[in-house]
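1. Could you look at this predicted model? Sequence included:
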Amino acid sequence: MPLLENGQIIQDTWKTAVEGEPLPAGNVLLPLARLSEGLGRNDDARLGVVLSSADEVETLRDALPRLDVVVLTFPVFRDGRPFTQARALREHLGFKGEIRAGGHILPDQYEFLLRCGVTTVVLPGEADPAVWRKAHEAFTVAYQPSVLDEQPEGFALRRRLA
């Protein structure tokens, strides 16, 4: 599936571990249940973990310095827990690596994903990247605080105008 970063398609260089099979060589994304196995590898390959929306990001606190990617999974588009996971990873745990979102995501959620700290999105199925790029460019005003280096336009607007 295509991988979107800042509105542009990029190459995905990661392999995903398959349940019941040995870990593949190279950069690998693991389910949380196999994280200790990945951390025990003796090579220089990069490591990532795939979380479900029910997983607590706090369980990654000790492993985060060794992780390059955290993948957050949206089981359905109306499940907002991965937004909270992304913000917690950035704001509370100080994670500087890639946060990837996958699963059931809609183009109109793209900008908010970025504002929560997500850096890349796995486009669902046969999604048109042009629609996602348009969604990225459509929103120019933000009303809530963001993990991005920007000033929200609407946040506390009345207080700033007084």
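-> That came in fine, so what should we check first?
2. Could I get the buried residue list for the helix or strand hosting residue 84?
-> Using DSSP states H and E, residue 84 sits in helix 81-87. Residues 81-83, 85-87 are the ones in helix 81-87 that count as buried (16 or more other CB atoms under 10 Å). To be clear about C-beta, it is placed using only N, CA and C from the backbone, and glycine gets the same treatment.
3. Switch those over to a markdown table; also include distance to residue 22.
-> Listed next are the buried residues of helix 81-87 as a markdown table, based on distance: CB to CB, whole Å:
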| residue | distance to residue 22 |
| --- | --- |
| 81 | 31 |
| 82 | 29 |
| 83 | 34 |
| 85 | 28 |
| 86 | 30 |
| 87 | 35 |
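4. Columns pLDDT and distance to residue 110 on top of these, output as TSV?
-> Formatted as TSV, the buried residues of helix 81-87 follow (pLDDT from 0 to 100; distance: CB to CB, whole Å):
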residue	pLDDT	distance to residue 110
81	96	18
82	97	13
83	95	12
85	97	17
86	97	13
87	94	16
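5. Go through the residues you listed and say which is closest to residue 124.
-> Lowest distance from residue 124 to those (CB to CB) belongs to residue 82, with 13.8 Å.
6. Distance of that closest one relative to residue 131?
-> Distance of residue 82 to residue 131, given as CB to CB, to the nearest Å: 20 Å.
7. Now do the same contact list for residue 21.
-> Residues in contact with residue 21 (CB atoms under 8 Å, 6 or more residues apart in numbering): none are found.
8. So for it, what's the pLDDT?
-> pLDDT recorded at residue 21 is 90.
9. quick one: which helix or strand includes it?
-> Residue 21 belongs to no helix or strand when assigned by DSSP H and E.
10. start to end distance for stretch 125-133?
-> 16 Å (CA to CA, to the nearest Å).
11. ok now that stretch, how far from the chain's centre?
-> What separates the centre of stretch 125-133 from the centre of its chain is 17 Å, taken as CA atoms, centre = their mean, to the nearest Å.
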